[in-house]
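**Q** Give me a model of this one.
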Amino acid sequence: MTPLLGLTVGDPAGIGPEITLKAARDPRASEARVVAIGSVAALRAAGAVVPDAPALNEVAHPRAARFEPGTLDVITVPSDTPVPVGVLSAEAGKIAFDGVARAVELALAGDIDGIVTAPLNKEAIALAGHPYPGHTEILADLTGTRDFAMMLTALKLRVVHVTTHVGIREMLDRVTTERVLTTIRLADRALRDMGIESPTVGVAGLNPHAGEGGLFGDEEARVIAPAIEQARAEGVDATGPWPADTLFGRAVAGDFDVAIAMFHDQGHIAVKVLGFETGVNATIGLPIVRTSVDHGTAFDIAGTGRASHDSLVEAILVGAAMARARTDARS
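**A** From the prediction side, this is the model:
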């Protein structure tokens, strides 16, 4: 089976259109059939800075896609106003949000096997009337999902976050035993869905040296350890809390199939140091497959043709693998 993925082009003022065209012509992405969902006008404009850009074939539905070599099938998102490249705008935010909403609709209907997302801009979608912290929260809302998490992958490292887009003070309130336990469960289930029969889960501490026995904080003993104990009682191979400054290196070395980070930068820094241009973000806990690039809209280089599409290709490959694993699990 070759999965059919909907690739949302993201913010049309950013690098999304360029990297979409580059990924569509890249032979590495042939693991999936891809239909772009976004502004066809932005894709046409990006073709001016992407050598050997694929021809664009507008379709109303994935069923009408041709998947011909040298051609990218596109479900266009209508726009009332031209969107200048590299400029923050409500219109660009509206197009980006509408593309994600259309992709979710198709995925929930079973018309595509998963979603791959190019970057949107949080400020732009807020200007358009959708004040979400990011893609993850949009997808959870549109699919009616209560328990979800972000999983980042880069080379041999997988990281799932207990909290993401919140300030440090608010994060401290959100790191609860219930939330840590839910995240461990989501990570274990996601890896099983990816074909790993008995995942090993390493859980990070919150404080330096995982609290050093209470010298630097008590969250490890009071909040995190009880969640690990409950997960183990449920049959999950979870251990910790481990000092964050060694956990991620141990995961890369193969000690753990996935590492649980307590907050955004704790996990993101490890992934981006290891593979800045090849990192992939997957939302776990959703009823649909969703993967994404692990970078932003890069307004400063949008329209120059310089943006790397490697992360997008990796997101397509991971999305295809996750879609195949779900299909195999159902058969």
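**Q** For the residue of the chain most remote from its centre, give me its contacts.
**A** Relative to the C-alpha centroid of the chain, counting by C-alpha atoms, centre = their mean, Leu215 is the outermost residue, at 35.9 Å. When the contact criterion is C-beta atoms under 8 Å, 6 or more residues apart in numbering, the partners of Leu215 are His209. Using the backbone N, CA and C atoms, a C-beta is placed for each residue, glycine as well.
**Q** same thing but 10 Å
**A** Leu215 makes contact with 207-209 under the criterion C-beta atoms under 10 Å, 6 or more residues apart in numbering.
**Q** and what of Gly275?
**A** Contacts for Gly275 (C-beta under 10 Å, 6+ apart) come out as 152-157, 294, 310-311, 314.
**Q** so how far is stretch 96-115 off the chain centroid?
**A** If you compare the mean C-alpha spot of stretch 96-115 with that of the full chain, they lie 14 Å apart, counting by C-alpha atoms, centre = their mean, to the nearest Å.
**Q** try stretch 285-299
**A** Here stretch 285-299 is found 3 Å from its chain centre; the criterion is C-alpha atoms, centre = their mean.
**Q** Can you list the buried residues in it?
**A** For stretch 285-299, the neighbour count (16 or more other C-beta atoms under 10 Å) marks 285-286, 288-295, 297-299 as buried.
**Q** Can I get those in a markdown table including secondary structure, distance to Ala107 and pLDDT?
**A** Output for the buried residues of stretch 285-299, formatted as a markdown table (DSSP: H, G, I helix; E, B strand; the rest coil; distance: C-beta to C-beta, whole Å; pLDDT from 0 to 100):
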| residue | secondary structure | distance to Ala107 | pLDDT |
| --- | --- | --- | --- |
| Gly285 | coil | 14 | 92 |
| Leu286 | coil | 9 | 94 |
| Ile288 | coil | 4 | 96 |
| Val289 | coil | 7 | 95 |
| Arg290 | strand | 8 | 96 |
| Thr291 | strand | 12 | 95 |
| Ser292 | strand | 14 | 93 |
| Val293 | strand | 18 | 90 |
| Asp294 | coil | 21 | 80 |
| His295 | coil | 23 | 85 |
| Thr297 | coil | 23 | 94 |
| Ala298 | coil | 26 | 93 |
| Phe299 | coil | 28 | 95 |
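**Q** Looking at those residues, which one is closest to Pro243?
**A** The shortest distance between Pro243 and any of these, using C-beta to C-beta, involves Asp294 and amounts to 24.1 Å.
**Q** Look at Met150 and give its secondary structure.
**A** Under the three-state scheme (DSSP: H, G, I helix; E, B strand; the rest coil), the conformation of Met150 reads as strand.
**Q** Name whatever forms a beta bridge with it.
**A** Under DSSP bridges, the beta-bridge partners of Met150 are Thr283.
**Q** ok, now which ones touch it?
**A** 134-136, 159-165, 183, 186, 261, 264, 267-268, 281-285, 292, 294.
**Q** Leu155 and Val252 touch, don't they?
**A** Yes: between Leu155 and Val252 there is a contact under C-beta atoms under 10 Å: 7.4 Å.
**Q** now the helices for this protein?
**A** With DSSP state H as the criterion, the chain has helices at 16-25, 40-46, 90-108, 122-127, 135-143, 168-174, 177-193, 219, 225-233, 244-253, 264-275, 310-330.
**Q** and the shortest one, how far out from the chain's middle?
**A** Once both centres are worked out by C-alpha atoms, centre = their mean, helix 219 turns out to sit 28 Å from its chain's centre.
**Q** Let the chain start at 36 from now.
**A** All right, first residue 36 from here; so that's helix 254.
**Q** got the contact list for that helix?
**A** Taking contacts as C-beta under 10 Å, 6+ apart, the residues outside helix 254 that touch it are 207, 210-212, 215, 240-242, 245-246, 260, 276, 297.
**Q** Lowest-confidence member of those residues, which is it?
**A** The lowest pLDDT within these belongs to Gly246, with 85.
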